[in-house]
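Peer 1: Next come a sequence and a model predicted from it.
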Amino acid sequence: MKNPTINYERLFKITRNKNAVNLSESMSVINGKASKENFEKEVYQMTFCAIVKGKKKECNLLVTANECICEEEKENLQNQLGVVINGSGMYFEILSYETNFSIQFDTVHSVFVDTDSVQNGKIFFFKKVV
């Protein structure tokens, strides 16, 4: 007996309000059926990227949408890039950052709905010069 083929992808709808990132309108699409509830169980990667001391550095976080981002991942991000975050994979806030950086959301099996603040699953944060 042959295993049935499952058609699967994520539909990310990411919004940003100041330093808060919200994925609550995102969905998982399995065999053509979209579900916010299935997205809540998703595990996906976020890649943070910044120029630190003249070198491009990346930090990958593996998060679950409905769970808090683990302390180890947050500490690693702060140590490597100087970015401090808090929250869950569904909604988190950038508390502080030392330099400009970007976040790229998982592109594997993913489709992105562009919003005013997020294009192709990528968000940019710019340090204001005073």
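Peer 2: All right, it came through fine. Numbers count the residues shown, from 1 in each chain.

Peer 1: can you pull out the helices in the chain?
Peer 2: Taking DSSP state H as the test, the helices found in the chain are 36-39, 71-81.

Peer 1: Counting by contacts, list what the longest one packs against.
Peer 2: Counting contacts by 3 or more CB pairs under 8 Å, 6 or more residues apart in numbering; DSSP states H and E, the secondary-structure elements packed against helix 71-81 are strand 43-52, strand 55-64, strand 83-87. For glycine as for every other residue, the C-beta is placed from the backbone atoms N, C-alpha and C.

Peer 1: Could you spell out the sheet neighbours of the shortest one, each with its direction?
Peer 2: Spelled out, it's strand 83-87. Listed by DSSP bridges, the sheet partners of strand 83-87 and their directions read strand 91-97 (antiparallel).

Peer 1: Also the first one?
Peer 2: Strands flanking strand 43-52 in the sheet, each with its direction: strand 55-64 (antiparallel), strand 101-105 (antiparallel) (DSSP bridges).

Peer 1: Report the mean per-residue pLDDT for the first one.
Peer 2: For strand 55-64, the mean per-residue pLDDT is 96.

Peer 1: hang on, the earlier thing: of the strands paired with strand 43-52, flag the one that's most buried.
Peer 2: Burial of the strands paired with strand 43-52 is given as mean neighbour count (mean count of other CB atoms under 10 Å); strand 101-105 ranks first at a mean of 20.

Peer 1: can I get the helices of the chain in CSV with mean pLDDT and distance to Lys57?
Peer 2: CSV is the format used below for these (pLDDT from 0 to 100; distance: least, CB to CB, whole Å):
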stretch, mean pLDDT, distance to Lys57
helix 36-39, 93, 29
helix 71-81, 96, 6
